[in-house]
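>>> The following block contains a protein sequence and its predicted model.
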Amino acid sequence: MRRTSRVRFPALLTAPGRSPNSPADEKHIRSGSTWSSAIHRERLRCSAGSTGRHNNCNSNDVRFATLTVIHVKGSMLLENKDLAVCHYAAAFIDLLGQRDQLRGCALLPDSLDDLRPLIRATIGPIKWLQDSFADFYGALRATTRTAGTTEEYRKGLEELRKVELKYQRFSDGLVMFVSLMGNPRPEPINGLYGLIASCGSICLLGLARETPIRDGADMAWGIELNSNELYGCVVANSYALESEIAQHPRIVLGEHIVRYLHTIQALSGSDILTQYMRDLATVSLEMITKDTDGAWIVDYLGPGFRKYIAAKLDSSTYQTAFSFVDKQIAFWKNVDNQKLLNRYLVLKQYFEKNRQHWM
């Protein structure tokens, strides 16, 4: 069994003013002889006849390992743009309750006193969602600078810390995404780790501040028609997971994301970058579990997430979020909404199951 203790990954849920841990310590980086050899990336050698971990990946993982890229040459339809169609991982985040808050609205109220509660109930949660992702993304990209480190170490750290996690805003939601184009390398793996960590963090903190979100994330083909404007199967699939499968505040993951992480975890090679990618895939998988309905979810209350992401949070966050779940159960029971009552009862079971990791 591989151990992940060699690498320190960024704890995104940190106390104000504290810097997250670097995703790799100096000892790990210096374990290779030179960076010129360490930066060499070993290609996945998968074939239809290769099966098992000792052959790098199984036959079902071939298309995820090769990550085919199709370049669409300029045309009249595409306004002479050269676009790339490739695999993406994307998360579709929906801020719950906004439809009820906006029901019956029209022109602005005459009184400022009437306007303030409207802003708090509608614009406030959306601004929090957008700012929260910006904070988590900043924590993911932050570099811990160590006095006296060598130039070799600084270059190596920069290589390992590369990340390109993008997002686009829309109405009361958010889509965050990362391109998985090309051969396996730290940049997209860091992005996928950040996507999982950010979604789990926002879901937990959203419940604690009574701003619940629901999320679906999947891996499929996509294309960036413009900067930070993703279109394609990956967006449609992620939306379907969020709107049809998630049901209550949780993050449902598509099977392809889980299989991709297993493919990276099974990479062979002893160079630094390969070791790092394997370890980060392992950490990401430790933050994922199967829910009671068989869906893969980000296990934001589980032991892996608690260890790697929420280690600096005390039990009050869990207690505050749990209290909100209980209030929702009481509210939906009082208004006789059996559908939403049942959904929050399922969520309460998830909290009770993971109480030991927080109390």
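Looks like it came in fine.
>>> Residue 334: neighbouring residues, count only.
9 (other C-beta atoms under 10 Å). Any C-beta I mention is one placed from the backbone N, CA and C, and that applies to glycine too.
>>> and residue 226, what are its phi and psi?
Backbone torsions of residue 226, given as degrees, to the nearest 10, read phi -140, psi 170.
>>> how close does it sit to residue 168?
From residue 226 across to residue 168, the span is 10 Å (C-beta to C-beta, to the nearest Å).
>>> With neighbour numbers in mind, choose between those two.
Between residue 226 and residue 168, counting by other C-beta under 10 Å, residue 168 is the more crowded of the two (17 against 10).
>>> and that one, what element?
Under the criterion DSSP states H and E, the helix or strand holding residue 168 is strand 166-170.
>>> Name the residues that touch the helix or strand following that strand?
Downstream of strand 166-170, the first helix or strand assigned by DSSP H and E is strand 173-179. For strand 173-179, the surrounding residues in contact (C-beta atoms under 8 Å, 6 or more residues apart in numbering) are 86-95, 129-130, 133, 164-168, 188, 191-192, 194-195, 198-199, 222, 224, 230, 234-235, 238.
>>> Over to stretch 223-235?
By C-beta under 8 Å, 6+ apart, stretch 223-235 touches 72, 83-90, 92, 166-168, 175, 177, 179, 218-222.
>>> Of the residues you listed, grab the buried ones for PyMOL.
Buried subset of those, written as a PyMOL selection, criterion 16 or more other C-beta atoms under 10 Å:
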select buried, resi 85+86+87+88+89+90+92+166+167+168+175+177+179+218+219+220+222
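>>> The closest residue to residue 322 other than its chain neighbours and residue 344: what is the separation?
Excluding the flanking residues, the one nearest residue 322 by C-beta to C-beta, 6 or more residues apart in numbering is residue 351, at 5.0 Å. Using C-beta to C-beta, one obtains 10 Å as the distance from residue 351 to residue 344.
>>> now swap in residue 135 and tell me
27 Å.
>>> okay but the residue nearest to residue 322 is in contact with residue 321, surely?
Yes: judged on C-beta atoms under 8 Å, residue 351 makes contact with residue 321 at a distance of 7.4 Å.
>>> Of those two, which one has the most company?
residue 321 (24 against 17).
>>> quick one: what helix or strand has the more buried one in it?
For residue 321, the enclosing helix or strand under DSSP H and E is helix 315-334.
>>> Got the domain ranges for the chain?
Here the chain is described, according to automatic domain parsing, as comprising the domains 55-311, 314-359.
>>> could you pull out the helices for this structure?
Here the chain has its helices, by DSSP state H, at 26-29, 35-38, 62-66, 98-102, 112-121, 123-141, 151-161, 186-208, 233-240, 255-265, 272-286, 303-308, 315-334, 338-353.
>>> Wait, residue 181 touches residue 89, no?
No: with contact defined as C-beta under 8 Å, residue 181 does not count as touching residue 89 (11.3 Å).
>>> Which residues are in contact with the residue found closest to residue 198 once you drop the neighbours it is linked to in the chain?
Counting by C-beta to C-beta, 6+ apart, the nearest residue to residue 198 once its immediate chain neighbours are dropped is residue 136, at 4.3 Å. Residue 136 sits next to 12, 194, 197, 198, 201, 202 when contact means C-beta under 8 Å, 6+ apart.
>>> Give the bridge partners for residue 223, please.
For residue 223, the beta-bridge partners are residue 85, residue 231 (DSSP bridges).
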